[in-house]
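# heads up, no residue letters with this:
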């Protein structure tokens, strides 16, 4: 048996004791857990909990397992949104397939869970936005997915929106760049798969009546083409307005959550200059990195933007109160200690795995705004948090996201 795994070694230490020489579907292992928030798969897929993490084990041909292992590692090196690959187990025995091991994304949801437990209206638009952004990022990196669908994505809450993460790269190919034909194939396949998945939800009675599966599939293509065009199109700039037009284009790209790597102006004769913009392929990161640097908090991009705004507001409060300028790093550390940590430490223990703590804090800020509007005066964050923990968080469905503790708890037999 041959176990290839990514560093650090201790990540895989507990997994080495699993019964790898037995077919995956025949395992009778205490660490096995059931994950309801999962997509459909053509392979045997099982989940185990080890040292506080959930791992997905997928049985497939050894050649495909090695290939997917390399592709997922490459996506991680490119900082693209995908599940973390842990290892691949090959040479398990005669006539036995390999097993690919990935770390399950904590506090993530499948599209099925999000439709079954909608929060803030049905999630179609937000899911499409997240999926299309993921597909565009992959295509910018030369990554042809070959299996884009809602089932092959996990979604994380991101301050009212969703962040999408690739789960399955079995059919993918990585190229220096993609041709128009390759991109078109991927997008049309996504259109068909998404429509089919929504028809399945419709048959199960989980799709809102106003959602048309074929219309959603067509809308996926339109959203993709609009985003791709904004990020990659060339345009002619007149000499008199080049600076303004370049700044405007870069601003729009940044607002879409992408960073610009290179700007090129090519002489176009009397017409002016041809603007070419090269967009970075990495996942959204500016606000995430800024928040991490200032506070040590890891967050999704929209969450980070929202928290940084609250830090800036708190800094303004400190400066008004003290009558002097407060350095950003000082304000961020005081905000962390006096605003953020008291809220997350007050989350009731039985509700701590409903949403990740950064999303909880974001929702507390939204709840504070709602309560202040209703009462006609500003409420402090602590007061808003108490009301949120009493009236809102208990109603977040327990089935909506997956954590290791939650998965383990559900898989244990009830004690009489």
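Sure, I can see it. This one's a predicted model, so the numbers in the text were calculated from it and none came from an experiment.
# the lengthiest helix in the chain packs against which elements?
Determined from DSSP state H, the single longest helix within the chain is helix 180-203. Applying 3 or more C-beta pairs under 8 Å, 6 or more residues apart in numbering; DSSP states H and E, we find helix 180-203 packed against helix 111-116, helix 124-140, strand 143-144, helix 213-232. C-beta here means a position set from N, CA and C on the backbone, and glycine is covered the same way.
# and of these, who's closest to residue 298?
Proximity to residue 298 (C-beta to C-beta) singles out helix 124-140 among the helices and strands packed on helix 180-203, at 18.5 Å.
# in CSV: the helices and strands packed on helix 180-203, plus distance to residue 17, mean neighbour count and mean pLDDT.
Below are those laid out as CSV (distance: least, C-beta to C-beta, whole Å; neighbours: other C-beta atoms under 10 Å; pLDDT from 0 to 100):
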stretch, distance to residue 17, mean neighbour count, mean pLDDT
helix 111-116, 31, 21, 90
helix 124-140, 35, 22, 93
strand 143-144, 34, 22, 95
helix 213-232, 43, 17, 92
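# residues near residue 383, how many?
Neighbouring residues of residue 383 were enumerated by other C-beta atoms under 10 Å; the total is 13.
# would it count as being in a helix?
Yes. With the criterion set as DSSP: H, G, I helix; E, B strand; the rest coil, the secondary structure at residue 383 is a helix.
# for it, what are its contacts?
368, 371 (C-beta atoms under 8 Å, 6 or more residues apart in numbering).
# and if you look at residue 199?
So residue 199 contacts residue 213 (C-beta under 8 Å, 6+ apart).
# now do the longest helix of the chain and helix 124-140, the angle between them.
150 degrees (axes from the mean of the first three to the mean of the last three C-alpha atoms, to 10 degrees).
# how distant is helix 180-203 from the center of its chain?
20 Å (C-alpha atoms, centre = their mean, to the nearest Å).
# give the rounded mean pLDDT of it.
For helix 180-203, mean pLDDT rounds to 96.
# same question for stretch 286-303.
89.
# tell me which helix or strand residue 359 sits in.
Using DSSP states H and E, residue 359 falls within helix 357-375.
# how about that helix: buried residues?
Under the neighbour-count criterion of 16 or more other C-beta atoms under 10 Å, helix 357-375 has 357-368, 371 buried.
# with distance to residue 45 and pLDDT as extra columns, can I get the residues you listed in TSV?
As requested, the buried residues of helix 357-375 are exported to TSV (distance: C-beta to C-beta, whole Å; pLDDT from 0 to 100):
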residue	distance to residue 45	pLDDT
357	29	96
358	29	96
359	27	96
360	30	97
361	33	96
362	32	95
363	32	96
364	36	96
365	37	94
366	36	94
367	37	95
368	41	93
371	43	93
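# where's residue 3 relative to residue 15, distance?
According to C-beta to C-beta, to the nearest Å, residue 3 and residue 15 sit 8 Å apart.
# actually residue 372, sorry about that
Taken as C-beta to C-beta, the span from residue 372 to residue 15 is 49 Å.
# re the thing from before, what is the helix holding residue 359 packed up against?
Using 3+ C-beta pairs under 8 Å, 6+ apart as the contact test, the elements touching helix 357-375 are helix 301-322, helix 341-345, helix 381-391.
# TSV for those helices, including distance to residue 155?
What follows is the helices and strands packed on helix 357-375, written out as TSV (distance: least, C-beta to C-beta, whole Å):
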stretch	distance to residue 155
helix 301-322	13
helix 341-345	22
helix 381-391	22
